[in-house]
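Enquirer: Generate a structure from the sequence data that follows.
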Amino acid sequence: MMYPRFPILLVDDEPQALTSFEMVLRSANMNHIRRCQDGREVMPLLATEEIEVMLLDLRMPHLSGEEVLAMVNGEFPGLPVIVVTGANDVDTAVRCMKAGAFDYMVKPVEKSRLIAGVRRAVELQELQRENRLLKAHVLSDRLEHPEAFAEIVTRSDRMRSVFQYIEAIAASPQPVLITGETGVGKELVARAVHALSNRKGAFLPVNVAGLDDNVFADTLFGHRKGAFTGADQARSGLVEQAGGGTLFLDEIGDLSVASQVKLLRLLQDGEYFPLGSDVAKRSDARVVVATNQELRTLQDPGRFRKDLYYRLRAHHIHIPPLRERLEDLPLLAEHFLEQVAQTLGKKKPVPPQELAVLLRTYHFPGNVRELQAMIMDAVSAHKSGILSLDVFKAHIQEQRGMAEPGARQPVQGDHGLLSFSEQLPTLKQAEDLLIGEAMRRANGNQAIAALSLGITRQALNRRLRLAAK
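Expert: Residues are numbered from 1 along each chain as shown. Take a look at the predicted model:
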């Protein structure tokens, strides 16, 4: 795949200089390059082709670099121009920067300096392009490619915003960090990113949780023949197999620190070493990672490298939990009922009206995956007629008997639930408020409200009768 998206234009009258710059850039995996030896050809070229970054020599016949810079900045002010010249003169450098140059480098330029300057300009262009796309999506409130999200069942406005962001950043070669609780569908989102990227290579997922450093290196980078006992033949790793495509690393928060160093090198330099080899290979695979952990909190105990964190979150997609998009519950329930019935070879059961109300009262610590498992269990036990709520109620009751990680707790101040300035409600008042809220959430259904409160329906009915007196 060509990188960057649009060509880097090299403008110099010396063929050797053009060849030298091109070799340096190609060594950094920047292989989308145009060459130009005459400053007079620059403006006609820009009029017909979009350019990502321009490297411009100053001392050229016919039309000097300073004249070309002035014309480019006048007609194409958004194009970063890096002046690369033998003129080591402060006044010239100041004039060029005032005329709109993005950077000024004096020949001979260090390889690392040239690569860093061009990469910085490319990243700025990508960021500006993504901002324009995102703004256009938000203002139009539409999706350009809704088919890319067909596997993600939702009607949530928050998820729609996530989709609009994905459309804006999908073409970027930069890494993507996907965060969200267990079961929200992070791999589905990663697949949507790949589908919209138009990358010709494959999408290769791997769960890195529990992989020690050697297994991680062998899985991702492969090995040479004889690299270790049992390595009877060379094997390519997933990085090579994902060339021109997307490498998806799930559970990245569990990656060992030693493996994090190897991944950082891949992201920074586009290089990796197969086990047993001292010759680096290059990769153009796009890296997408996912985690249900808060990576920033892992940095203080030294479990996750800061530099890797910031490299990974060039683009950040956060998927909201199911409890924050309850409008998706009826749609997802209907989808899974049909899917599970088809899988089990059964007729799709008719769900009772109370199912939607019951599900809305539940916290769903396992998110969409938990809902799918509940429906699978219920349909498996279903015989005929209307689907029973028993499986759902049993599951919810069991989960409520356990501590729910991530469950919302009442906000407490320094002195508990209430400050000293607030009058304590009586037990009767507190009970009435709690029962009233449970009945409101259950749409007046006593069985569901009783389940929420952890009491029997008869006990709730008795309290309601007493409250009515």
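Enquirer: Got phi/psi on the spatially most central residue of the chain?
Expert: With distances taken as C-alpha atoms, centre = their mean, Ile178 lies nearest the centre of the chain, 3.3 Å away. Per-residue torsions, Ile178: phi -110, psi 120 (degrees, to the nearest 10).
Enquirer: pretty sure it contacts Val189?
Expert: Yes: counting by C-beta atoms under 8 Å, Val189 is a contact partner of Ile178 at 5.6 Å. All C-beta atoms are positioned from the backbone trio N, CA, C, and that covers glycine.
Enquirer: and for those two, which residues touch both?
Expert: When C-beta atoms under 8 Å, 6 or more residues apart in numbering defines a contact, the residues bordering Ile178 and Val189 alike are Ile317, Ile319.
Enquirer: what's in contact with stretch 339-358?
Expert: 329-330, 333-334, 337-338, 372, 375-376, 379-380, 382, 385-387, 389, 392-393, 396, 442-443, 445, 447-448, 451.
Enquirer: thought Glu167 was touching Arg142?
Expert: No: here Glu167 does not reach Arg142: they are 9.9 Å apart, not a contact under C-beta under 8 Å.
Enquirer: So which of the contacts of stretch 339-358 belong to strands?
Expert: Using DSSP state E, no member of the contacts of stretch 339-358 sits in strands.
Enquirer: which of these are buried?
Expert: Burial of the contacts of stretch 339-358 was assessed by neighbour count (16 or more other C-beta atoms under 10 Å); the buried members are 329, 333, 337, 372, 375-376, 379, 382, 387, 389, 392, 396, 442, 445, 447-448, 451.
Enquirer: how about Arg369, secondary structure?
Expert: helix (DSSP: H, G, I helix; E, B strand; the rest coil).
Enquirer: how about low-confidence regions in the stretch 301-450 of the chain?
Expert: Applying pLDDT under 70 to the stretch 301-450 of the chain flags residues 401-424.
Enquirer: that older thread, ok, Glu167 and Arg142, which is more surrounded?
Expert: Ranked by neighbour count (other C-beta atoms under 10 Å), Glu167 and Arg142 place Glu167 first, with 24 against 12.
Enquirer: Report the buried residues of the longest helix anywhere in the chain.
Expert: In the chain, assigned by DSSP state H, the helix with the most residues is helix 111-140. If you call a residue buried by 16+ other C-beta under 10 Å, then helix 111-140 has these buried ones: 114-115, 117-119, 121-122, 125-126, 129-130, 133-134, 137.
Enquirer: Flag the least confident of the residues you listed.
Expert: In this model, the minimum pLDDT among the buried residues of helix 111-140 belongs to His137 (72).
Enquirer: Identify the residues contacting it.
Expert: Per C-beta under 8 Å, 6+ apart, neighbours of His137: Leu143, Glu144, Gln164, Tyr165, Glu167, Ala168.
Enquirer: Would you mind splitting this protein into its domains for me?
Expert: 8-126, 141-320, 332-355+366-404, 423-469 (automatic domain parsing).
Enquirer: Tell me the spatial nearest neighbour of Glu334, not counting adjacent residues.
Expert: Among residues not flanking Glu334 along the chain, Pro351 sits closest, at 7.8 Å (C-beta to C-beta, 6 or more residues apart in numbering).
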